Every structure is written in structure tokens, then in C-alpha cells.
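# sequence first, predicted coordinates after that:
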Amino acid sequence: MAKIEDIVLSAAINILGAILFLVAFAFLRLQPINDRVYFPKWYLKGARESPSHGGAFVRKFVNLDMRSYLKFLSWTPAALKMPEDELISHAGLDSAVYLRIYLIGLKIFAPIATLAFIVLVPVNWTSDTLNLMKDVEHSNIDRLSISNIPVGSQRFIAHLAMAYVVTFWTCYVLLREYGIVAKMRLRFLASEKRRPDQFTNYDVSFVSKMGLEKITLQVIVLQQDIQQTAFTAVLVVLVRNIPPDSDESMGELVEHFFLVNHPDHYLTHQVVYNANKLAKLVEEKKKMQNWLDYYQLKYERNTSKRPTTKTGFLGCCGSKVDAIEYYASEIERIEKEEAEEREKIVKDPKSVVPAAFVSFRSRWGAAVCAQTQQTSNPTVWLTEWAPEPRDVYWDNLSIPFVHLTVRRLIVAVAFFFLNFFYVIPIAFVQSLANIEGIEKAVPFLKPLIEMKVVKSFIQGFLPGIALKIFLILLPSILMFMSKFEGLTSVSSLERRSASKYYIFLFFNVFLGSIITGSALEQLQRFIHQSANEYYPICLFCRIPITVGVAIPMKATFFITYIMVDGWAGVAGEILRLKPLIIFHLKNFFLVKTEKDREEAMDPGSIGFDSNEPQIQLYFLLGLVYAVVTPFLLPFILIFFGFAYIVYRHQVINVYNQEYESGAAFWPSVHGRIITALIISQLLLLGLLSTKGAAQSTPVLLVLPVVTFYFHKYCKNRYEPAFVKYPLQEAMRKDTLEHARDPGFDLKGYLMNAYIHPVFKGDDDDEKFSMADEPEAEQVLVATKRQSRRNTPVPSKYNGSESPSLPEIVNDQRL
């Protein structure tokens, strides 16, 4: 069991590590050679130029202005200076609302920590229960916890009152924040002034802001260097599981369906092609091109010797060949395969998947389509709000809809076993905190382990860093599972992966760390004792009791984890050591032009799938220990305050968010905090039941019920703003736009919006662009279906021999 001196040593190590990271960052960010690493967002916006373009040779790499080093902490006030409205315009609503999660942590725990140290800490400390129990090992930290209160004491009234204060204050903060974020979202969606987002990899850039839950207000910027572009927005609906028709192609089928069922609002559509194989070829060619550039640069620096490589695995085995000729031939081979695959996609009807992006003339029409059932069969013609073009995860659009249920079942089973088997490393981590267990396993190290400094290091620092290491690969595994499930947008993939990660952290890091420690001994004692020694209640009902008793004993472990992950880990985030190394490696070996240097930048993104669940773990720990061991709360407050400053700096200067969902993740954030609050109430109930305070059970049972109904109220009051688009708002916006710009060429702006990225900028991208728009109102709708032919003139579409629908309309005009 870690003592106060172990915590002090761990705090010293982590604070020293955080200071070293911050000093290194403050120095490295001032060097011109690192400017693209620490300010990539401004380069992508075109608002910053490389300081290495002029001046003396040394100044291109090293900052010789000594005065700038005196202001090495200037990044801190600069990160806090930008107003929130300007932050939203600069980085998007997702980034601004994500930062509010840290503010919520400060708002919740700052008053609670103050009150707990005023009320609970004196109540706990002034009791002598642990001192009177000679056979129980404890530390000074345990004397600050509820463990120091004697059984049946009247002092538990203070803890009951504190539980009510924590519940109502947390609910109050969440209610206010839900309302604020909902208003921010609606104001963001209603904003007439939108931000151009440039895609440097393509010839056509997209500007978009999301509507409610996957509404796409898509806009195309015609040139990448345009800073301000006039544009309008249109809502797009993703249609899936389109039933095949032997008489019509997929494009004809979609056009016919929406002209019949949405005749006044349907504008155009884009069928989806299965270009996954082509995308892999493009990616492979890009890797080969990087290797070719590397060896060409190497040869230019030393023309006396031609570079060579081996053709086997990772260039470590196989025959030795000329590297430049080898990679040039590989690129030529891939280009041939790529051309064949492109031709196959164009000509093969099987390359068209049963899905399409359908655009409407008005928001009102799109809202009706996206939020209603299209046919009497609820399994076909399924509609949902389309992700914006940047947010589409194209690989999963080709997955047959009928496979999704099976895939999700497979992932659920795999996730269960992943949770189950991850208990093994968690148990190993807990064993590191048990000095006696280590000495039994390696008795020859006992003299070294018993040294005071080594013992404090093992108990105060090693468990936290070991747990952090075991969790490094987990987000990537969970993201792979989410992709396998078949979700069609990057934002939904990150939200689903975040949900899995939170569940994993709760069962393995929180409960696992407790149960594999002291709680396991109590559970074994319960199983082996006779029924007469316990109250006649089931094992399941005793879980809160068993876990609740062990919670105070594990406070020191979680304190060490918070310092490792929440203090040193956040400081490591701002240093960006990995992107720094990779950028300079690319800059040295691959970069030839300024475009190459720009592509070498790795701005990264918020990483919602991995960072948000970690934040939720701190909410869980704070709410659980607020009443049990208030000594933990200052460590959590330091994390929230420090992380808010660091991530605000990163959002302003570094991160380039891949998509904009309009804060669609907020209901999940709210729900997880509510879950943590209910868990804390149930565990406190279990703990007090072992303290002779059974009479408090009815008083505490009120709290989970009240919290649950509070969540129901928030869900009914605010969540619809994140998943639905009110028809009244849609009509108001449509009317306003039509009045302001009645002649806007919407069709022209939508032509290439939802083409697969591998077709962007190609000479033949028109083959994959949206279908031609019907040019006038028509009485008859063209179809090839023999059983429902409604015009004697056969239709023509996508190269068929009959005239096209617009041609039929023109004939009808004549």
C-alpha cells in the first residue's frame, strides 16, 4: 500500500517530467526549423510563412533572438486569449465544444473539492478508527478517507449530505452546459458565414458545416488559394440498401424513386462506386513514390554510387537490385493496374453499390426524406443524414447492408473477450503495487526492493506507468473493431470507438484495478464463509458492497495513474516528439519542393476516440472519490486545468480536424458523466452498508432514481437538437436563402461533391459526378420497368441506347 512519501516521490517525478517536457517545447517551438511542427494549422490556412525563407544561413535553423527566450511561457496566455466565437470560426464547433469538457470538469470539481476539504477532511481526520486497528496496514492518506470513520458513527451524516451536494451540483452544471452547447450548435448551423476548408490533396476543395446529426451543408471552393468564397449549402441524404432492379441501373433506379416520391424537392444524386481496391493501389503507388524520391535524393547527394535495395520483405531479404530502377518499374506496374481498375469501375455494373448520396433543392425536402420511412418495407431505401464529404468513410459504403448485423455481433463477442483477457495485464499492474508479492516472486531482489527510494518508486510510480503502457495499443484495436462494424462516417467511427474505450476503462482500469487488488481477497472470503456469517443476499447484490469496501484502499493507485497520464502525459502531448522526429526524417529524405514539405506536416487531430474516454475516467474517479477520499480531487483539478490550456493551444495552432459534426458527440459525453454519477452513488451505497449505516440506504437510493430521471429530462429536452432537423427551421432557412440568392447555380456546386477521393482531379471524374438534374417539371417519369412502363418513349441513362430523362422532358416541352 502506497504511503504519503510514495505519493510525494511520484508527484516529484511526474512534475519534473512535465516541466522538462514544457521547457523542451518552449525551446523547440522558437526554432525556425520546427515551425511547421508546432504551428501547422496556420500553414494549412495560408496565414503563416516559413521563417527559413530568408536571412542568414544559421537563422534558417536556429532562433538567435535572445529576447524571445525570455518569453518562453508566452504560449500560455496566448492560448487563453482567443474568444470562443473566434475559436469556433478558426477551428470549428467540434473543437470548441470538446474543450468545454475540460471546463465542465473544473466547474464540477472545484466547488466540490473546496467543500469536501472544509467539511469531510476534518470529519475523517479527527477520527481514530484506523489507529485503533493495529492489524490493519494504513497510511496517512487512508486517515483522510471514509475508512477512518467507525462503524455506525453519526459522522456519516456529513457524507450523506455531501453525496446530495455532489449529485445536485453535477446535475445543475450538466443541465446548463447541455443548454449552452445546444444553443451553440443551433447558432452554428444557422450561421450565414461559413468557413472554407481546403483539401490540398485534391483539385477541388470543400467547405462544409454539419447540420443536425450528419446533416451536410456542403460547399465547393473552386480554387484552393481563395480565402473568401461565396457559396450556398444544400442538404444531402445518404440512401442505403437500395433494392436491385433487373430493368434499371442503380442510377436510373435512384432517379426514378425520388422523382416519383419527392418530385418537388429532389435535385440530383451520386451513386457510390466500390473503389476500395483502387484506393489501395493509389496508396501503394504513393508509398512506392516516396521510396523512389528517397533513393533519387540519395543518388543526387552521391552520384558516384547507385543506391540498391532488396526485393524481399521490408528490403531485408531477396535479390539485390538497383533501387531507382526497381521502384520506377513498381510504379509503372501499379499505374497499369490502376488504369485497368478504373476502367473496370466505369464499365462493370457490379462496381456500383446499393447506396447513393441524394441532394435536394431545399432543407425542408431533405429533412422530410432523412427523417421518414420511405417504403412499406422498413429494410429497404433506408435514409439518414449524409456525412459531409470530409467525414465519409468510403471503405464501408461497399459493405452489404445485410452483413452489418452479423458484423456487429462478431465485434460484440470479440470485445467481450478482449475485456476478459485484458484482466491479466491489469492484475500484473496491481501486483507491482504489492511489495510482498514482488518479494515472493523474486526473493533475490528483496534487499534492493526494501531500499526506501526504490520501494517508494515501485509503489508510487511504477503501477501508473505500467498501466499506461498496456493501454497504448488499445485505441487502435477498438478503432479497427468499429471499422469492421461498417459505420459510414469518421465521426461515427470515433464515437463508437470512444464508447467501447470507456466501457473498457470502466471494467478493466477502474473495476479491474479494484477487484484484482484488495477486493479480490474480500470476495474470496465471502465465497468461502458460511451463509450464516452474511446477510442472506445474492452475490450480485454484494458487488457494490465488495467493490465499495475496496475503493478507499485503491485511492493511492489512481492518484499515481492521474499524475502519470494526466500530468506528464498531457505535457508530452504538447511536446509532439513523434511528429517532430517524423517531420525531420521526411524533410531530410523525401522533401524536394514546398508542396512535399507541406505534406510532411502531421497536424493530427483531437483524437476523440481515445482522449474523450480518458477524460471520462477522470470524471468517474472524481465523482466516486469526492465523498470517499477527497484527497484525490486536487490531482484531478490540476489535470483538468492543465489539459484545458494545453489542448486549447493545440486546437489553435496544431490540430487540423478531419471533419465537422456540429458537436454531435455531446449527448454521449453527457450520458457518460451521468453514468459515472450513478455508479458513484451505488458504490457509496455499498460502502456505507458495510459501515453499519444500513438505515441510510433509503436516503441514498433516492439519488440514482433522481439522476436517472434527470437524464431522461435532458435527453427529451435537448438531444433532439443533435439528431433531428426541425422542419420549421428548415423552411425558415430555405426561405431566407431563396430570397437572398434566388439564381444561385446549386447544380454546378454539387457536381463533384461526393465523388470517391481516388477520382478527385482525374480527367474522367465527370464519369463519377452527380447525375444530370431534371430541367423542368414533368408529368411523366421515365422508367425501364416492363411491369410499370408509364411512357411509350424508352429512357436513356448512363450510356444506354434510349434517350435520357432530360431529353424526354425537352421532347415533352416541344
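Looks like it came in fine.
# pull the residues that contact stretch 305-320.
291, 295, 298-299, 321-324, 326-327 (C-beta atoms under 8 Å, 6 or more residues apart in numbering). In this view, the C-beta of every residue, glycine as well, is placed from N, C-alpha and C.
# which of these sit farthest apart?
Using C-beta to C-beta, the two most remote members of the contacts of stretch 305-320 are Lys298 and Val321, lying 15.1 Å apart.
# for the residue nearest to the spatial centre of the chain, report the pLDDT, please.
Of all residues in the chain, the one closest to the mean position by C-alpha atoms, centre = their mean is Phe608, 2.2 Å from it. pLDDT recorded at Phe608 is 91.
# out of the contacts of stretch 305-320, list just those in helices.
Assigned to helices by DSSP state H, the following of the contacts of stretch 305-320 qualify: 291, 295, 298-299, 323-324, 326-327.
# pipe these into CSV and attach pLDDT per row.
Below are those laid out as CSV (pLDDT from 0 to 100):
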residue, pLDDT
Trp291, 85
Tyr295, 86
Lys298, 82
Tyr299, 85
Ala323, 86
Ile324, 88
Tyr326, 89
Tyr327, 89
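# give me the below-cutoff pLDDT ranges for the stretch 401-550 of the chain.
Within the stretch 401-550 of the chain, the stretches with pLDDT under 70 are 428-442, 445, 449, 452, 455-461, 464, 516-550.
# if we go to 90?
401-405, 419-474, 488, 507-550 (pLDDT under 90).
# just the stretch 201-350 of the chain next, same as before
Scanning the stretch 201-350 of the chain for pLDDT under 90 picks out 201-236, 241, 244-252, 263-279, 283-284, 286-327, 338, 341-350.
# show me the helices in it, by range?
In the stretch 201-350 of the chain, the segments counted as helices under DSSP state H, counting those that start in this stretch are 250-261, 276-301, 323-347.
# and among those, the most buried is which?
For those, the largest average neighbour count (mean count of other C-beta atoms under 10 Å) is found in helix 250-261, namely a mean of 21.
# I'd like the mean pLDDT over the helix or strand hosting Ala26, please.
Applying DSSP states H and E as the criterion places Ala26 in helix 4-28. Averaging pLDDT along helix 4-28 yields 84.
# again with stretch 724-744
Confidence for stretch 724-744, expressed as mean pLDDT, is 82.
# mind listing what's buried in it?
Of all the residues in stretch 724-744, those buried under the rule 16 or more other C-beta atoms under 10 Å are 724-725, 729-730, 733-734, 737.
# which of those sits closest to Val119?
Using C-beta to C-beta, Lys724 is the member of the buried residues of stretch 724-744 that lies nearest Val119, at 43.9 Å.
# touching, that closest one and Glu384? I think so.
No - counting by C-beta atoms under 8 Å, Lys724 does not reach Glu384; the two are 11.5 Å apart.
# mind giving me the packing neighbours of the helix holding Ala26?
helix 35-38, helix 140-143, helix 452-460, helix 555-561, helix 569-575 (3 or more C-beta pairs under 8 Å, 6 or more residues apart in numbering; DSSP states H and E).
# what's the burial count for the closest residue to Leu144 other than its chain neighbours?
The shortest distance from Leu144 to any non-neighbouring residue, by C-beta to C-beta, 6 or more residues apart in numbering, is to Phe631 (4.6 Å). Residues lying near Phe631 (other C-beta atoms under 10 Å) number 25.
# begin at 16 from here
Sure thing, new numbering starts at 16, so read that last one as Phe646.
# so Phe646 touches Ser162, yeah?
No - assessed by C-beta under 8 Å, Phe646 is found out of contact with Ser162, at 11.8 Å.
# still on that earlier bit, for Lys569, see how far away the residue nearest to the centre of the chain is.
28 Å (C-beta to C-beta, to the nearest Å).
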